[in-house]
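In: Please find the sequence and the predicted model below.
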Amino acid sequence: MIVFKNVSKSFGNHKILDNINIEFADNTITCLIGESGCGKTTLLKTINRLIEPTTGSVFINGKDISKENVIDLRRSLGYAIQQTGLFPHMTIRENIEIILKLTKKKKEAIANRTLELMDMVGLNASEYLDRYPSELSGGQQQRVGIARAFATDPDIILMDEPFSALDPMTRSALQDELIRIQSRYKKSIIFVTHDMNEAIKIADKIAILNEGHVIQYDTPEKILKNPANDFVKNFVGPKKIWSSPEFIKVSDIMIEHPVTCNPEYSIFYCLNKMRIAKVDTLMVVDDKNVLLGILYADVFTNVSYEHKKAKDFIEKDFLVTHPEDSIVDLLDLIDREKITTMPVVDSKGHLKGLITRSTLLTYMSQQFIKGDE
Amino acid sequence: MNFITYMSENMDQILSLLVEHIELTFLAVAVAILIGVPIGILISYVKKLGKPVLALANVMQAIPSMALLGFMIPFLGIGTKPAIVMVVLYSLLPIIKNTYIGIQNINADMLEAARGIGLTKWQILVKVQIPLALPVIMGGIRISAVSAVGLMTLAAFCGAGGLGYLVYAGIRSINNAQILAGAIPACILALFFDYILGIVENLVTPKYKKQGKVSFFKRRGFQVSVLILTILAFLCLIIYPVFQGEQAKKQITIGSMDFTEQEILSYMINDIIEDRTDITVNQRLSLGSSTIVLSALEQDDIDMYVDYTGTIYGSVLKHEPNSNVEEVYNISKKEMKEKYDVNVLGDLNFNNTYTLAVRRDTAEQYNLKTISDLSAVSSELVFSPTLTFMERNDCFLGLQQVYPIAFRDVMPIDGAPRYVALTNHESDVIDAYSTDGLLKKYDLVVLEDDKGFFLPYHAIPIVNNRVLEEFPEVVPILEELSIYLSDDVMRELNYKVDEEQQRPEDVARDFLIQNSLITEK
């Protein structure tokens, strides 16, 4: 756990960080994001004391880091930056091992650790270890950078825009790689970026900074759906949610009060209800709002329905979806099953809402129509 | 052709001077590296020091090397010390500058990354900054080393030897073969240093900077072997003298000024003492002017040398001109003991005084026999004296007061080249030493000092107290030698060296053998 208490940093009269209070949880990826000059890199560098705060303190696991030996502190933290971070005159092996070698570990252990790290970042050890950074592609260099940050197996890893100089394809691959590594090693990663897509993709939590303040600190989903203010809204961008459709939930788009009927209602009554509500299906629920089946209007053609009740025509073989399902799952299901209507129920079978093709269409068209907002 | 003959005849001497030259240069450059690189590193950390240090190094570079060398002799004596110090001071600038630039130019982000991952300042310096700056630093060292080879030729001026000895000896006696014998090896040596350091530069440049296929001569293996061979050869050169056996304890060091007669005398004294006694004699040839050699004697860098009464009396003891031979000698002897605590021995029986000389055609044209004759027509003539002659009270300054002399132009040229100027009709009158072999070589007319202005310049050995106390047997030997010397003899011997281009050591030896002063071995 990293805790910032009233941390400010000024260069002359210019306040880079203004009374920051924030906590970074263990075993999560936290992204610091904002425009250039917002203080995100400064915030990161106060953690390994490349920058000392003007006032306030930073605590790691309850200890004030300003009272620790700065070299020991830095060696206990992983640090990866843009491509320039590798030393060009050292081979990949030397780059990865540089700190390990200073810690008086046994040669064999160091060699094994290096192989492990190369494996972790998906580089062929025998092919690359004795090459120089300039002989590797940008993406490969950055993998080495990550390997070096992980070398001493630190609990906390600081990353300062590590992927920003890479082409989109490589960047995306490395983001996936980082997520994969994180799912296995569970480090506390503080990751500075200026790319909202990147933050949404990899972060457990995002801190948005502006002019030395933390404007919003929340999960990607909440930031996308509930921007704290116009700044965040603008920063995130109006259509940003559509680049992360997994954050759009069924509950966000469903018709919340679908037209229902009781199984004991007469068909006549049901048909009348459909006509008034201009729907062609009724959700059949019991008194406790538990979904029993669906009544389709088209079953009544060519059939005598006098004195019959809803329960006689109920369609009990149907698919349901749940409020927490994402729009991605839903589209997939609808596409596969060729269905037009899908009730939304909770885990106990209570009817929560309804999804139809037309609600989906209406919602999804927003991203094109309301784009100018 | 002349040059090749000279080279083959003097191979031993050239090689030993070359070795000396290599040792001196290597030592100087090594010291410059040891001083320059840390200073360069220091000023890249302490930014405030940068400008003043670089400015100082620049100034050092701007001082004429001769002046720097001359300036240091009173403090450091003669020999290798001032030569090395001079070359070190000259070599510092490129080394300091390149170290500074090399370290400054390292990407700041990378240095921050180095700090960020937990390297200490020292580790960053040793593991990151110096390795990355090394190619640039090596570039500076290369420049220094090449210029040091050239500069080190000046070492001959303060008796440190080296190839410069041949160059200056050659200039003095107008012997082009000898100049080339010094200059060409120096040039090759400079190129060789450049090549070897180029290899080192290449080896320390991290592989990441190189691209494409490398030729055989640039392969690591080849370069490493060349380097190792060079280092081995080097060690041999340096270690070899150590195994030359214990140095004899009975030693005398003779110094000499930088002209032919002095060298012949030095070889004579060397040979005769070594023949008659068990004393080992070392020679420090061509140290420079009388002042330099005298200061070397005072510092006990040398034990003895031959000076001239007029020089001692006039320029050292600053007495007014005096043509009384005996008085000049006695006063010189007495006051040298009092003021410098050195001992003037009996004179060597020849007078190498100043004189003025003209071409035979000039003498005939104006019917010149004496300096008085000359002063009458001096307004039509150009005078090219040595620099020393111009400045001294007992030379040109005094001469003008005694004779009503006023030349059309005065064009000072040092050393033997003024004879060339004279024969090329660029000048008409020169100053000369009365025993100078070149007078005979160029068939010049010596003008009589009819008013007796010039001081007598009788050759006198001057020795320190150690020689008198430990080796009194030297004194009678020198007295015996003086019996065989005279103005004519000296001029003849000088002529053999300057005109016939015989080696001074041979001329000296032949003379001693002919007069049965030593036994032929």
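Out: Perfect, I can see it now.
In: burial count for the residue of the stretch 101-250 of chain A found nearest chain B?
Out: Residue of the stretch 101-250 of chain A nearest chain B, by CB to the nearest CB: A:Tyr132 (3.8 Å). From N, CA and C alone the C-beta is placed, and that goes for glycine too. A:Tyr132: 20 surrounding residues under other CB atoms under 10 Å in any protein chain shown.
In: Look at the single nearest residue of the stretch 401-521 of chain B relative to chain A and say how many residues are nearby.
Out: Using CB to the nearest CB, B:Asp414 is the residue of the stretch 401-521 of chain B that sits closest to chain A, at 51.9 Å. Neighbourhood size, B:Asp414 [other CB under 10 Å]: 15.
In: check contacts around it.
Out: B:386-387 (CB atoms under 8 Å, 6 or more residues apart in numbering or on different chains).
In: Just the pLDDT at it, thanks.
Out: Looking at B:Asp414, its pLDDT reads 77.
In: cool, and B:Ile239?
Out: 66.
In: Could you look up the SS state of A:Ile294?
Out: strand (DSSP: H, G, I helix; E, B strand; the rest coil).
In: Specify the beta-bridge partners of it.
Out: A:Met283, A:Glu315 (DSSP bridges).
In: what do you get for B:Ile462?
Out: According to DSSP bridges, the partner residues bridging B:Ile462 are B:Tyr305, B:Val344.
In: Next, the residue of the stretch 401-521 of chain B closest to chain A: phi, psi?
Out: phi -90, psi 150 (degrees, to the nearest 10).
In: Check the spacing between B:Ala376 and B:Leu447 real quick.
Out: 12 Å (CB to CB, to the nearest Å).
In: which one of the two has more residues nearby?
Out: Neighbours per residue (other CB under 10 Å) separate B:Ala376 from B:Leu447, with B:Leu447 holding more: 21 against 15.
In: part of a strand, is the more buried one?
Out: Yes: counting by three-state DSSP, B:Leu447 is part of a strand.
In: Specify the residue ranges that define each domain of the chain.
Out: No chain in the question, so chain A it is. A:2-237, A:251-367 (automatic domain parsing).
In: that's the other chain; I wanted chain B
Out: B:2-210, B:251-351+B:457-514, B:354-447.
In: close to chain A, is the longest one?
Out: Read that as domain B:2-210. Yes: using CB under 8 Å from any CB of the partner chain, domain B:2-210 comes into contact with chain A via B:107, B:109-110, B:112-120, B:123, B:127-128, B:131-132, B:206-208.
In: Close to chain B: what parts of chain A are there?
Out: Counting by CB under 8 Å from any CB, the residues of chain A near chain B are A:45, A:48, A:50, A:71-75, A:77, A:79, A:81-82, A:84-85, A:87-90, A:98-99, A:102, A:132-135, A:148, A:158.
In: and those residues, which of them are in helices?
Out: A:45, A:71-75, A:98-99, A:102, A:148 (DSSP state H).
In: For those residues, work out which two are farthest apart.
Out: Greatest spatial distance in these: A:Lys45 and A:Leu102, 21.4 Å, computed using CB to CB.
In: quick one, which of these two is more surrounded?
Out: The neighbour comparison of A:Lys45 against A:Leu102 (other CB under 10 Å) goes to A:Lys45, with 20 against 17.
In: Low-confidence stretches in chain B?
Out: B:1, B:173, B:206-218, B:238-249, B:521 (pLDDT under 70).
In: Equivalent analysis for chain A, please.
Out: Using pLDDT under 70, chain A drops low at A:83-84, A:238-240, A:242, A:301-306, A:367, A:369-373.
In: Looking at it, which helix is longest?
Out: helix A:168-185.
In: which residues are in contact with the very next helix or strand once past it?
Out: Using DSSP states H and E, the helix or strand that follows helix A:168-185 towards the C-terminus is strand A:188-193. Outside strand A:188-193, the residues that touch it by CB under 8 Å, 6+ apart are A:1-2, A:24-33, A:40-41, A:43-44, A:47, A:155-164, A:178, A:182, A:199, A:202-203.
In: Repeat that for stretch A:328-339.
Out: A:245-246, A:248, A:250, A:319, A:321, A:342, A:355, A:357, A:360.
In: again, only using 6 Å
Out: A:245-246, A:250, A:321 (CB atoms under 6 Å, 6 or more residues apart in numbering or on different chains).
In: do stretch B:377-396 as well
Out: Under CB under 6 Å, 6+ apart, the answer for stretch B:377-396 is B:314-315, B:321, B:366, B:405-414, B:418, B:421, B:427-431, B:455.
In: Output that stretch as CSV, restricted to C-alpha atoms.
Out: Taking Å, rounded to 0.1, in the frame of the first residue of the first chain, the C-alpha atoms of stretch B:377-396 are listed here in CSV:
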residue,chain,number,x,y,z
VAL,B,377,79.6,51.2,-45.2
SER,B,378,77.1,49.6,-42.8
SER,B,379,74.2,51.6,-44.0
GLU,B,380,74.3,49.6,-47.3
LEU,B,381,74.3,46.2,-45.6
VAL,B,382,71.9,43.9,-44.0
PHE,B,383,72.9,42.2,-40.7
SER,B,384,71.5,38.9,-39.6
PRO,B,385,72.8,38.1,-36.1
THR,B,386,71.7,35.4,-33.7
LEU,B,387,69.0,36.4,-31.2
THR,B,388,71.5,36.3,-28.3
PHE,B,389,73.9,38.6,-30.2
MET,B,390,71.2,41.2,-30.6
GLU,B,391,70.3,41.3,-26.9
ARG,B,392,73.6,41.2,-25.1
ASN,B,393,75.4,44.3,-23.9
ASP,B,394,78.7,42.7,-24.7
CYS,B,395,77.5,42.1,-28.3
PHE,B,396,75.5,44.3,-30.6
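In: So which bits of it are buried?
Out: B:378, B:381-386, B:388-389, B:392, B:394-396 (16 or more other CB atoms under 10 Å in any protein chain shown).
In: Could you do stretch B:315-334 as well?
Out: Quick answer for stretch B:315-334 (16+ other CB under 10 Å): B:315-317, B:319, B:321-322, B:328-329, B:331-333.
In: Equivalent analysis for stretch A:292-303, please.
Out: Using 16+ other CB under 10 Å as the test for burial, stretch A:292-303 gives A:292-296, A:300.
In: For the strand or helix carrying A:Ile334, buried residues please.
Out: Taking DSSP H and E as the criterion, A:Ile334 maps to helix A:327-337. Buried residues in helix A:327-337, counted by 16+ other CB under 10 Å: A:327, A:330, A:333-334.
In: OK, contacts around the residue nearest the centre of chain B?
Out: Among the residues of chain B, B:Phe157 comes closest to the average C-alpha position under CA atoms, centre = their mean, at 1.7 Å. By CB under 6 Å, 6+ apart, the contact list for B:Phe157 reads B:Gly288.
In: Show the backbone phi and psi for the residue of the stretch 101-250 of chain A closest to chain B.
Out: Per degrees, to the nearest 10, the backbone of A:Tyr132 is at phi -100, psi 150.
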